[in-house]
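Enquirer: Here is my input; please provide its structure:
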Amino acid sequence: MSIAYLNGEYLPLAEARISPLDRGFLFGDGIYEVIPYYDGKSVGLVPHIERMIDGLAAIEIKCNKSADQWKVLLDDLIARNAGATNNLGIYVHVSRGTDVKRFHAYPENVEPTIFCFTFDIKDPEPVDREKVHGYTVTTSEDLRWKRCHIKSTALLGNVMHFQQGHASGNSECLLYNANNELTEGSSVNAFIVKDGVVITPIQDNQILPGITRRIIIDSLKADGSIKVEERTVTMDEVHNADEVWISSSSKEIAPITHIDGTPVGDGKAGPVWEAAFRLYTAAKFTNS
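Expert: Below is the predicted model of the structure:
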């Protein structure tokens with residue numbers, strides 16, 4: 001049985017209990033992270049922790065753990081769940097805590113609830129465009145809130161968009177704003193490729209500062225063989241792209257083969273994806 005962490009205690013996941021007056025339950029008032037570990041080695045652990053600390057500060061949750069203390073806790077949890085020999089993800093959830101009443105304003109003098117557990121993740125995809133699993137997506141206007149750069153636990157908007165894709169038999173839903181500009185997916189960041197150039201929407205309040213996204217960009221820039229641009233991307237560019245990718249901690253870099261039923265390029269993973277995924281794979285354990 002999976003061992004979880006809850007407010008200073010390690011216990012079987014099935015025994016973890018949180019009050020119904022916890023603000024994470026009542027309001028989605030919290031921050032979360034998902035961090036992959038492959039054979040006990042984390043991917044982007046340091047930037048994941050930094051993003052979580054930044055998110056907690058943004059919504060004014062006071063948590064007294066330092067980055068080093070978080071790292072010790074998470075590495076320990078992986079070890080307790082046999083992470084040295086398995087591929088595991090850690091879900092980290094910090095809510096504002098439990099108050100004595102339901103009231104919208106931030107309460108004073110409550111301790112945050114810290115909850116972490118592990119789950120199995122699949123093996124990485126092969127760095128081979130002929131063997132990789134391709135994804136299909138649908139598209140929709142982005143109807144979520146305007147603070148998507150904060151990794152909030154209040155994910156109903158994302159869930160509804162993801163369900164839209166899932167219900168139509170697709171893997172994801174790519175989102176665009178009122179100006180018909182690509183933002184991201186319901187649970188992923190997005191990239192396009194045109195004429196050998198990798199292009200991804202600029203980082204602003206419309207998209208999550210994805211850790212995998214950052215590792216991809218940094219690895220491409222460090223190598224220099226593939227040009228990468230961060231800029232506004234129109235949906236016309238998406239539909240006319242040579243390749244389209246999505247990225248996340250669990251999917252790494254996943255090629256999109258069809259958008260709204262129409263093939264992307266030749267309907268297969270492209271050569272730039274294969275080259276970029278090779279560079280990402282070589283760099284992904286940096287900053288862990």
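
Enquirer: Just give me the neighbour total for residue 76.
Expert: Look at residue 76: counted by other C-beta atoms under 10 Å, it has 15 neighbours. In this view, the C-beta of every residue, glycine as well, is placed from N, C-alpha and C.

Enquirer: how about the helices of the stretch 51-200 of the chain, start to end?
Expert: Taking DSSP state H, counting those that start in this stretch as the test, the helices found in the stretch 51-200 of the chain are 67-80, 156-167.

Enquirer: ok, now how distant is residue 286 from residue 161?
Expert: Relative to residue 161, residue 286 is positioned 31 Å away (C-beta to C-beta, to the nearest Å).

Enquirer: and residue 144, how many neighbours does it have?
Expert: 18.

Enquirer: Tell me who's in contact with it.
Expert: 157, 158, 161, 175 (C-beta atoms under 8 Å, 6 or more residues apart in numbering).

Enquirer: do residue 203 as well
Expert: Residue 203 neighbours (C-beta under 8 Å, 6+ apart): 149, 209, 230.

Enquirer: if we go to 7 Å?
Expert: 209, 230 (C-beta atoms under 7 Å, 6 or more residues apart in numbering).

Enquirer: before we move on, the earlier item: of residue 286 and residue 161, who's got more company?
Expert: residue 161 (24 against 14).

Enquirer: Show the contacting residues for the more buried one.
Expert: With C-beta under 7 Å, 6+ apart, residue 161 has these contacts: 140, 173, 175, 186.

Enquirer: which among those gets closest to residue 55?
Expert: residue 186 (18.6 Å; C-beta to C-beta).

Enquirer: Verify the stated contact: that closest one with residue 172.
Expert: Yes: using C-beta atoms under 7 Å, residue 186 is in contact with residue 172, at 6.3 Å.

Enquirer: any idea how far residue 18 is from residue 246?
Expert: Relative to residue 18, residue 246 is positioned 32 Å away (C-beta to C-beta).

Enquirer: again with residue 53
Expert: From residue 53 to residue 18 the distance is 22 Å (C-beta to C-beta).

Enquirer: Make CSV from the contacts of residue 144 and add pLDDT and distance to residue 182 to it.
Expert: As requested, the contacts of residue 144 are arranged in CSV below (pLDDT from 0 to 100; distance: C-beta to C-beta, whole Å):
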residue, pLDDT, distance to residue 182
157, 97, 17
158, 97, 16
161, 98, 14
175, 98, 8
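
Enquirer: Dump the residues you listed into a markdown table; add distance to residue 181 as well.
Expert: What follows is the contacts of residue 144, written out as a markdown table (distance: C-beta to C-beta, whole Å):
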| residue | distance to residue 181 |
| --- | --- |
| 157 | 18 |
| 158 | 18 |
| 161 | 16 |
| 175 | 10 |
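
Enquirer: returning to what we had before: which of the helices of the stretch 51-200 of the chain sits closest to residue 28?
Expert: Using C-beta to C-beta, those put helix 156-167 closest to residue 28, at 7.5 Å.

Enquirer: quick check: domain ranges of this structure?
Expert: For the chain, automatic domain parsing gives the domain ranges 3-120, 135-283.

Enquirer: Could you say which one of the ones you listed comes nearest to residue 128?
Expert: That would be domain 135-283 among the domains of the chain, by C-beta to C-beta, at 7.0 Å.

Enquirer: Adding distance to residue 2, write the helices of the stretch 51-200 of the chain out as JSON lines.
Expert: As requested, the helices of the stretch 51-200 of the chain are exported to JSON lines (distance: least, C-beta to C-beta, whole Å):
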{"stretch": "helix 67-80", "distance to residue 2": "9"}
{"stretch": "helix 156-167", "distance to residue 2": "23"}
